[in-house]
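# Could you look at this predicted model? Sequence included:
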Amino acid sequence: MTVRRIFTVVGAALAGTVNATDDAVPPADPREVRALLTDVGLVRVSAFDAEVPQALRRFQARAGLVVDGIAGPRTVQALARSAREARHLRSLGMAA
């Protein structure tokens, strides 16, 4: 995932948080969420779509977020941060 794509996902999530009204925040792009879950090692590239919601719930539980399986603003922000950290550790040879 490119830096631009990460900023797009996080920006959309933050915009929803900052500009929150009574309207629901639009959901994150499922492809982006899947890519982030892959980066943090919770979903294999070859995983079936049915595995993604369960992986999202596992991530939410580990991150101390509300476990609802929905990629809301807080979940996407935490997921993007974790994916960035995982990629950085891999680039340093400190993670598998």
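Looks like it arrived, so ask away.

# State the next helix or strand along the chain beyond the lowest-mean-pLDDT helix or strand in the chain.
When each helix and strand of the chain is scored by mean pLDDT, DSSP states H and E, helix 3-18 comes last, with a mean of 59. The helix or strand immediately downstream of helix 3-18 is helix 30-39, counting by DSSP states H and E.

# element containing the closest residue to residue 39 other than its chain neighbours?
Nearest non-adjacent residue to residue 39, counting by Cβ to Cβ, 6 or more residues apart in numbering: residue 83, 3.7 Å away. All C-beta spots, glycine's among them, are computed from the backbone N, C-alpha and C. For residue 83, the host element (DSSP H and E) is helix 73-91.

# Show me what that helix is packed up against.
When contacts are defined as 3 or more Cβ pairs under 8 Å, 6 or more residues apart in numbering; DSSP states H and E, helix 73-91 sits against helix 3-18, helix 30-39, helix 51-63.

# CA-only coordinates of the shortest one in PDB, if you can.
Once side chains and other backbone atoms are set aside, the C-alpha atoms of helix 30-39 remain, and they are given as PDB (Å, rounded to 0.1, in the frame of the first residue of the first chain):
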ATOM      1  CA  PRO A  30     -13.000  -2.700   1.700                       C
ATOM      2  CA  ARG A  31     -10.000  -3.200  -0.500                       C
ATOM      3  CA  GLU A  32      -8.000  -0.700   1.600                       C
ATOM      4  CA  VAL A  33      -9.100  -2.300   4.900                       C
ATOM      5  CA  ARG A  34      -8.100  -5.700   3.500                       C
ATOM      6  CA  ALA A  35      -4.700  -4.400   2.400                       C
ATOM      7  CA  LEU A  36      -4.100  -2.900   5.900                       C
ATOM      8  CA  LEU A  37      -5.100  -6.200   7.600                       C
ATOM      9  CA  THR A  38      -2.700  -8.000   5.300                       C
ATOM     10  CA  ASP A  39       0.100  -5.600   6.200                       C
END
